[in-house]
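J.: What would the 3D arrangement of this be:
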Amino acid sequence: MKIHYFQRYHEKENVATANTMLLLSRLYQYSSNKFFRFLKSEFFSDSFEPEIVFNLQEKSVDSIPDATITQESFKIVVETKMSDWFYSNQLMRHLNSFKDEKYKVMITLAPELMLESKKADFEQQLKDYNDTQTHPVIHINTTFEGIANAIHEVIDDRDYEMQEVLEDYLNYCFNDGLITVSDSWKFMRMQLAATTLDFNVREDIYYDNAERGFRAHDYLSLYKSKSIRAVGKICARILAVETIDGMQYEAEYGELTEERKDKILRAIIDGDGYGYELRSIKHRYFFVEKFHETDFKKITPRAPMGSRVFDLTQILETDQLPSTQAIAELLKTKTWC
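T.: You can find the predicted model right below:
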């Protein structure tokens, strides 16, 4: 059984807050430099400078010490909701949590952004409040996905531990409905397939351990030898495991047909040849309409250690995706790192 970093199955609002704070603390423990990069990112709109500063011969009022080590005071207050249930009265009371910090940030966190009218009402009250303060409070309204995306921007392929932590956080968010899946149409997940690529492409199927979480995505791509070699649009996801009573199947998405059952059995037999335990361990089988050949090259050294999710609208610089075959052709003209 997979050990999760983030707890499940408790009172949702409190757990959502605790898990998000755990994600941030794990980032800080992993790399304080990357944590401070997160705080200085566009996510915070360049609202403050949190890092420790080392200075030599810094002039004070009436002396010049040899060196100083400084970190400006800051405080971030977070209010979490399971929907857009933010109320200005409560948020204004939260301002009492601040004292004389130089940088003050209030984050309102929910699965979806606040209604513009509600946000405008609160921010007008906040503006009136800030007019009476030496140091203003910055309001950032964001989503669980927004925080995850901001952290994703400051870690890279070599940050294997944080990639795994972030993936489990995303899995938790999807399972608990904290991230809407309405934008799955634009995401392509890359999976490593060096050993089974030919079988995967021939059968239009890919499998992964059912315990492994994943971000909602409509497209699946396969990586081998420094490049993504195939891409297909997902048409079904089916869980399967062999028990003493025979094969058990569960359709998560799409139909459980006899043809798909046969493909799963062929995948199990093919996996036997590589020593994969597909029979007694439950796996998730992704079916695509068709895997189309492509050549989306990775231009940096070292092979990726795990999966990766691409936003095709950003890669292809379009708001509307073409056919899967056209996507495959366009990816041949692109590179990634």
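
J.: from here on, contacts and neighbour counts on C-alpha atoms
T.: Will do.

J.: ok, what's across the strand from residue 191?
T.: residue 222 (DSSP bridges).

J.: and it, how far is that from residue 198?
T.: Using Cα to Cα, to the nearest Å, we find residue 191 at a distance of 14 Å from residue 198.

J.: Tell me the gap between the strand or helix carrying residue 152 and the middle of its chain.
T.: Per DSSP states H and E: residue 152 is located in helix 144-154. Distance, stretch centre to chain centre, for helix 144-154: 6 Å (Cα atoms, centre = their mean, to the nearest Å).

J.: can you check stretch 289-301 too?
T.: Taking the mean of its C-alpha atoms, stretch 289-301 sits 21 Å from the chain's own mean (Cα atoms, centre = their mean).

J.: Run through who's touching that stretch.
T.: If you take Cα atoms under 8 Å, 6 or more residues apart in numbering as the criterion, stretch 289-301 is touched by 201, 204, 226-235, 324-325, 328-329, 331-337.

J.: From those, which land in strands?
T.: Among the contacts of stretch 289-301, DSSP state E puts 227-235, 335-336 in strands.

J.: most surrounded residue in the residues you listed?
T.: Neighbour tally across the ones in strands among the contacts of stretch 289-301 (other Cα atoms under 10 Å): the maximum, 29 neighbours, falls on residue 231.

J.: how many other residues sit next to the closest residue to it other than its chain neighbours?
T.: In space, and not counting its chain neighbours, residue 231 is closest to residue 221: 4.2 Å by Cα to Cα, 6 or more residues apart in numbering. Look at residue 221: counted by other Cα under 10 Å, it has 29 neighbours.

J.: residue contacts, residue 221?
T.: Counting by Cα under 8 Å, 6+ apart, residue 221 has contacts 188-191, 228-232.

J.: Check residue 194 too.
T.: Counting by Cα under 8 Å, 6+ apart, residue 194 makes contact with 223-225.

J.: shouldn't residue 166 be in contact with residue 150?
T.: No: using Cα atoms under 8 Å as the test, residue 166 is too far from residue 150 to be in contact (10.9 Å).

J.: Please say which of those two ends up with more neighbours.
T.: residue 166 (22 against 17).

J.: Name the residues of the helix or strand hosting residue 128 that come out as buried.
T.: Assigned by DSSP H and E, residue 128 belongs to helix 116-130. For helix 116-130, a neighbour-count test (16 or more other Cα atoms under 10 Å) marks 119, 122-123, 126 as buried.

J.: Show me where this structure has its strands.
T.: 53-56, 67-70, 74-80, 103-110, 137-143, 187-192, 205-209, 219-224, 227-243, 246-253, 283-288, 292-298, 308-311, 335-336.

J.: Break this structure down into its structural domains.
T.: Domain assignment for the chain by automatic domain parsing gives 12-147, 181-336.

J.: I'd like those domains as TSV, with distance to residue 162 and mean pLDDT appended.
T.: Shown next, in TSV, are those (distance: least, Cα to Cα, whole Å; pLDDT from 0 to 100):
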stretch	distance to residue 162	mean pLDDT
domain 12-147	7	86
domain 181-336	12	92
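
J.: Rebuild the ones you listed as TSV, extending it with distance to residue 160.
T.: Compiled in TSV, the domains of the chain are given as follows (distance: least, Cα to Cα, whole Å):
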stretch	distance to residue 160
domain 12-147	11
domain 181-336	7
